[in-house]
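[1] just to be clear, the model below is a prediction. Sequence and coordinates:
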Amino acid sequence: MGDAKMRKKTQTKVEKDDPRQLDLIALIEAGGLTGERREALRGILATTATPRTWRGDTIIPPGSLLDRVVDLFARTTDFPLELPAFVVLHSLAAYLLDKGVEARVAGSRVQPDLWSVLLAPSGAGKTKTVSVIERVMPLRLFPEAASAAKFMEALAENNRAAWFQDEWAQTLKRIETQTYCEELREYLLKLHDGKPLARRTVKGSIEINDPALVILGTTVHDTFLDNVSAESMLDGFSQRFGFIVGEADPNRTPDMFPIYRVEESDNLAPLHIAWKAIAALPLHPEYVVSPEAEAAFANGFQHQFQQNREMPSSFFRRVMWRAFKYALVYHVLLGKADPIVDAEDIGWAVRVAAMHLADARRLLDGYRLTELEALIVKAETLQARLGRRPTKRELVSGVRGIRNGAMANFVLEVMTPVMTGNASNVQRVAA
């Protein structure tokens, strides 16, 4: 309750007066980019934007249930293929979570409690996709909860279920702005960390030990930008989610699919066969990550770090750690009956983590991230002309778009260091 009140007190005047949420540039200028939000933005600036096309083939094992589902949707719908792909991954995660499956990594407990947000165009088939997967495999779905009290009641009856929530942006906005949802944010933070939850009610009390959910929130891209501010997108709560952006496929246009045939029995039959093979696998309460798998993770971690060297390590680690959750899913998806998570499982999982890194950046492009990068490039051009690191005053006066000291200070933090001496001698020169 106290944290929620503090967040309301620190809202900027711009945020209160503007019906649209603060974008990145307005947030920085208003002095609202502090602490972990500042570090998160620096991390996302360090990533490389990916092409706005389907790139999911790298996360799909040939012949698997995931492969069959994505192939079916590619042949019979114009839906973004990220949608069926991540519904399958999260459905399998929920299946394992409900069965009490977990892994041990260097002494740490890892559950397959994936939390993700998938952004897709309006009419992209989010509801139908979940409906199709429900016809293939059992899903214990968490009901929509309109308040903190209803959430606790629902969790007491549906712990370790799958919360597939459409219009997720509106849910996040209610959590941030409505008094009846203030406590829900705190409950979710504890839920993410697996801490016990308790609430007093007029009928008694609700206590939940070892709470966990798989969460896949879906929303329209523009709706997300309208309802979730850049400030909220960068805070610690939002960073607990992996983001995926689904784009319409120009090679699969609506006119090609007058009738969606995705649910015809002949089309669903191969999916049922693949699911039955997974359901027949013996599950183990605890899986061990092999030394080879740890080495594969280390290699993937180092490779991604080399590509994102300027990214703050805490932000990078938070995203990459999800690979161990995905590895549990891939182990079962690949039809393995043993309790050892191996290097192959990790290899597929690291690719998904890399997609989350790239798509967090794609999402922030909607908050004027590319305009912010353009300001940084202009500042670096001024720096090259001066032959030294500019001062904040020089940035404000010499770069159109840098309007105050707060923006100048952030730009100085992230711009490329001054080259002094020869090209191999790079130093940061004090402002």
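    Sure, I can see it.

[2] in the stretch 301-431 of the chain, which spans are helices?
    Here the stretch 301-431 of the chain has its helices, by DSSP state H, counting those that start in this stretch, at 313-333, 343-364, 369-386, 392-398, 405-414.

[3] which parts of the third one count as buried, going by neighbours?
    Residues of helix 369-386 classed as buried by neighbour count (16 or more other Cβ atoms under 10 Å): L369, L372, L375, I376, K378, A379, E380, L382, Q383. Any C-beta I mention is one placed from the backbone N, CA and C, and that applies to glycine too.

[4] what's in contact with that helix?
    If you take Cβ atoms under 8 Å, 6 or more residues apart in numbering as the criterion, helix 369-386 is touched by 24-25, 28, 44-45, 361, 389-390, 394-395, 398-402, 407, 411-412, 414-416, 418.

[5] residue contacts, the most centrally placed residue in the chain?
    Computing the C-alpha centroid of the chain and ranking residues by Cα atoms, centre = their mean puts G242 first, at 1.4 Å. G242 sits next to L114, W115, S116, V117, V319, R322, A353, H356 when contact means Cβ under 8 Å, 6+ apart.

[6] follow-up on the earlier one: can I get the buried residues of helix 369-386 in CSV including distance to E292 and pLDDT?
    Formatted as CSV, the buried residues of helix 369-386 follow (distance: Cβ to Cβ, whole Å; pLDDT from 0 to 100):
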residue, distance to E292, pLDDT
L369, 38, 61
L372, 41, 76
L375, 45, 84
I376, 41, 84
K378, 48, 86
A379, 46, 88
E380, 43, 86
L382, 50, 88
Q383, 46, 89
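
[7] which among the residues you listed gets closest to L65?
    Checking these against L65 by Cβ to Cβ gives L369 as the nearest, at 35.4 Å.

[8] quick check, L97 in contact with W115.
    No. Look at L97 against W115 with Cβ atoms under 8 Å: they stay out of range, at 11.6 Å.

[9] comparing those two, which shows the higher neighbour count?
    Neighbours per residue (other Cβ atoms under 10 Å) separate L97 from W115, with L97 holding more: 25 against 20.

[10] quick check: which element contains the more buried one?
    In the assignment (DSSP states H and E), L97 maps to helix 82-98.

[11] name the helices or strands packed onto that helix?
    helix 65-76, strand 115-120, helix 126-136, strand 162-165, strand 214-220, strand 242-245, helix 313-333 (3 or more Cβ pairs under 8 Å, 6 or more residues apart in numbering; DSSP states H and E).

[12] list residues touching both of L97 and W115?
    Overlap of the contact sets of L97 and W115 (by Cβ under 8 Å, 6+ apart) consists of V214.

[13] please state the offset of stretch 214-221 from the chain centre?
    How far stretch 214-221 lies from its chain's middle: 9 Å, per Cα atoms, centre = their mean, to the nearest Å.

[14] circling back: as JSON lines, the buried residues of helix 369-386 with distance to N209 would be great.
    Formatted as JSON lines, the buried residues of helix 369-386 follow (distance: Cβ to Cβ, whole Å):
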{"residue": "L369", "distance to N209": "41"}
{"residue": "L372", "distance to N209": "44"}
{"residue": "L375", "distance to N209": "49"}
{"residue": "I376", "distance to N209": "48"}
{"residue": "K378", "distance to N209": "54"}
{"residue": "A379", "distance to N209": "52"}
{"residue": "E380", "distance to N209": "53"}
{"residue": "L382", "distance to N209": "57"}
{"residue": "Q383", "distance to N209": "56"}
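
[15] from those, which single one is nearest S64?
    Of all the buried residues of helix 369-386, S64 sits closest to L369, with 34.4 Å by Cβ to Cβ.

[16] sorry, back to before: for the helices and strands packed on helix 82-98, give me CSV that also has distance to A269 and mean pLDDT.
    Converted to CSV, those look like this (distance: least, Cβ to Cβ, whole Å; pLDDT from 0 to 100):
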stretch, distance to A269, mean pLDDT
helix 65-76, 10, 97
strand 115-120, 27, 94
helix 126-136, 10, 93
strand 162-165, 24, 96
strand 214-220, 26, 94
strand 242-245, 28, 92
helix 313-333, 19, 91
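
[17] so which of the helices of the stretch 301-431 of the chain is nearest T127?
    Comparing these under Cβ to Cβ, the one sitting nearest is helix 343-364, at 21.8 Å.

[18] with just CA atoms, put the closest one into PDB.
    C-alpha atoms of helix 343-364 as PDB (Å, rounded to 0.1, in the frame of the first residue of the first chain):
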ATOM      1  CA  ALA A 343      22.900 -28.800 -23.600                       C
ATOM      2  CA  GLU A 344      20.300 -29.200 -26.400                       C
ATOM      3  CA  ASP A 345      17.500 -28.000 -24.200                       C
ATOM      4  CA  ILE A 346      19.500 -25.000 -23.100                       C
ATOM      5  CA  GLY A 347      20.500 -24.200 -26.800                       C
ATOM      6  CA  TRP A 348      16.800 -23.900 -27.800                       C
ATOM      7  CA  ALA A 349      16.000 -21.900 -24.600                       C
ATOM      8  CA  VAL A 350      18.800 -19.400 -25.000                       C
ATOM      9  CA  ARG A 351      17.400 -18.500 -28.500                       C
ATOM     10  CA  VAL A 352      14.000 -17.600 -26.900                       C
ATOM     11  CA  ALA A 353      15.800 -15.400 -24.300                       C
ATOM     12  CA  ALA A 354      17.500 -13.600 -27.200                       C
ATOM     13  CA  MET A 355      14.100 -12.900 -28.800                       C
ATOM     14  CA  HIS A 356      13.000 -11.400 -25.500                       C
ATOM     15  CA  LEU A 357      16.000  -9.100 -25.500                       C
ATOM     16  CA  ALA A 358      15.400  -8.000 -29.000                       C
ATOM     17  CA  ASP A 359      11.600  -7.500 -28.600                       C
ATOM     18  CA  ALA A 360      11.900  -5.300 -25.500                       C
ATOM     19  CA  ARG A 361      13.700  -2.900 -27.800                       C
ATOM     20  CA  ARG A 362      11.100  -3.200 -30.500                       C
ATOM     21  CA  LEU A 363       8.400  -2.400 -28.000                       C
ATOM     22  CA  LEU A 364      10.200   0.700 -26.800                       C
END
